[in-house]
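> structure, please.
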Amino acid sequence: MTGDRLWTPDAFRAIGYALYGTGWQSALAHALGISARTVRRWAAGSSPVPDNVRRDLTFLARLGDIQGLAPLDEWVIGAPPRGRRRQYIIHTARPRFIAQLGPGNAITRIDWLDAPPLGGDLQRLLDAAADAVLGRSDAT
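Next comes the predicted model:
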């Protein structure tokens, strides 16, 4: 989850929202012990997200499972900036991952938060990711 290309401001905002829902900036700042203003700078892209915060976000995502906190949606899909393509998709249910999307919304890189599934389970998950990106209702 530490790939620089995946840590766009849009991806950071999506991760924060996936973890905490509305009001995520204040909740994330509290969880990290930092000011909400710092979180807003990262979300706006005016300051890069430090490596230690990237690691902390991975820990918080795993802690949510331990504490029984359920994410709002199974899939978080980055909205494309005007005139550009989508950049990422986040799977918030186990096995969790952040995937970078390339041309044609093809997954070009996956950073796993949990151990990836094997064989047919991996293929089914990637098919569900494709369905989610394309907005097909059979994505699970």
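
> part of a strand, is residue 98?
Yes: judged by DSSP: H, G, I helix; E, B strand; the rest coil, residue 98 forms part of a strand.

> residue ranges for the helices of this protein, please.
With DSSP state H, the ranges of helices along the chain come out as 9-20, 24-32, 36-44, 51-66, 119-134.

> looking at those, which has the lowest confidence?
Mean pLDDT per stretch puts helix 51-66 lowest among the helices of the chain, at a mean of 68.

> next, format the helices of the chain as JSON lines and append mean neighbour count.
Any C-beta I mention is one placed from the backbone N, CA and C, and that applies to glycine too. Output for the helices of the chain, formatted as JSON lines (neighbours: other CB atoms under 10 Å):
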{"stretch": "helix 9-20", "mean neighbour count": "21"}
{"stretch": "helix 24-32", "mean neighbour count": "17"}
{"stretch": "helix 36-44", "mean neighbour count": "16"}
{"stretch": "helix 51-66", "mean neighbour count": "15"}
{"stretch": "helix 119-134", "mean neighbour count": "14"}
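
> in CSV: those helices, plus distance to residue 101.
Conversion of the helices of the chain to CSV gives the following (distance: least, CB to CB, whole Å):
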stretch, distance to residue 101
helix 9-20, 11
helix 24-32, 22
helix 36-44, 20
helix 51-66, 19
helix 119-134, 7
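
> out of these, flag the one nearest residue 92.
When those are compared by CB to CB, helix 9-20 sits nearest residue 92, at 5.0 Å.
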